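**Student:** Provided below for reference: sequence and predicted model.
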Amino acid sequence: DAEITQSPRHKITETGRQVTLACHQTWNHNNMFWYRQDLGHGLRLIHYSYGVQDTNKGEVSDGYSVSRSNTEDLPLTLESAASSQTSVYFCASARTGSSDTQYFGPGTRLTVL
Amino acid sequence: DAKTTQPPSMDCAEGRAANLPCNHSTISGNEYVYWYRQIHSQGPQYIIHGLKNNETNEMASLIITEDRKSSTLILPHATLRDTAVYYCIVKIINTDKLIFGTGTRLQVFP
């Protein structure tokens, strides 16, 4: 069955280190998204992509970057991890266009010490 | 900012219908109403969406008022596994960005 996976599921890192979170989907969806979720809050959009070589900033993009070299993957990079980036990160994908739904991965819990 | 308002929490007895309200008084003509839910520690899960007509699928029913300023998600026979945070989201047609609010925490009790 097609699916969306994230790795690692849990990560502990230190302030200032570069961290990359992986997101892989096998639906061949053009659209992919990264969200973060903090305790007591809904999900907030970090970056999104509507296709290969396309990336866009969301509402909380500072300190994060993404690149889209193929349809299946959208890795999220924290260039220099900060304690404020301790959060749960969710990746999602969707087909192109109109009112289709987003499918979410299981999440990555990141702790920055 | 989220364009929807939901009660922070609700309770429902197992086997009874759960009716979750959502206000979206500033919704525009090209925006759909979407419902997602998030079971503890999991990624959000799509439930249902609609534009102006009532909708039903295997999971739930969506009732949208005629003026489209509010809607209700109905889980007809709630089970313990329906305990989750439910998000009501309005989304512009032909874009895929979802803006999440804080949702309603539904607790289903035995």
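**Tutor:** Noted; the coordinates are in hand.
**Student:** and the residue nearest to residue B:33 when sequence neighbours are not counted, what element?
**Tutor:** Among residues not flanking residue B:33 along the chain, residue B:71 sits closest, at 5.1 Å (CB to CB, 6 or more residues apart in numbering or on different chains). C-betas here are computed from N, CA, C, even on glycine. Per DSSP states H and E, residue B:71 falls inside strand B:70-75.
**Student:** other SSEs contacting that strand?
**Tutor:** Using 3 or more CB pairs under 8 Å, 6 or more residues apart in numbering or on different chains; DSSP states H and E as the contact test, the elements touching strand B:70-75 are strand B:18-23, strand B:45-50, strand B:61-64, strand B:84-92.
**Student:** how many other residues sit next to the residue lying closest to residue B:92 once chain neighbours are set aside?
**Tutor:** Distances taken as CB to CB, 6+ apart put residue B:31 closest to residue B:92, at 5.5 Å, once the chain neighbours are dropped. Residue B:31 has 19 neighbouring residues, counting by other CB atoms under 10 Å in any protein chain shown.
**Student:** and residue B:31, what pLDDT?
**Tutor:** We have a pLDDT of 88 for residue B:31.
**Student:** quick revisit: need the helices and strands packed on strand B:70-75 in CSV with mean pLDDT, can you?
**Tutor:** Output for the helices and strands packed on strand B:70-75, formatted as CSV (pLDDT from 0 to 100):
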stretch, mean pLDDT
strand B:18-23, 97
strand B:45-50, 93
strand B:61-64, 97
strand B:84-92, 91
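**Student:** got a list of what residue A:28 touches?
**Tutor:** Residues in contact with residue A:28, defined by CB atoms under 8 Å, 6 or more residues apart in numbering or on different chains, are A:71-72.
**Student:** bridging residues for residue 34?
**Tutor:** Going with chain A. For residue A:34, the beta-bridge partners are residue A:47, residue A:91 (DSSP bridges).
**Student:** my question was about chain B, not that one.
**Tutor:** Here residue B:34, judged by DSSP bridges, has bridge partners residue B:49, residue B:89.
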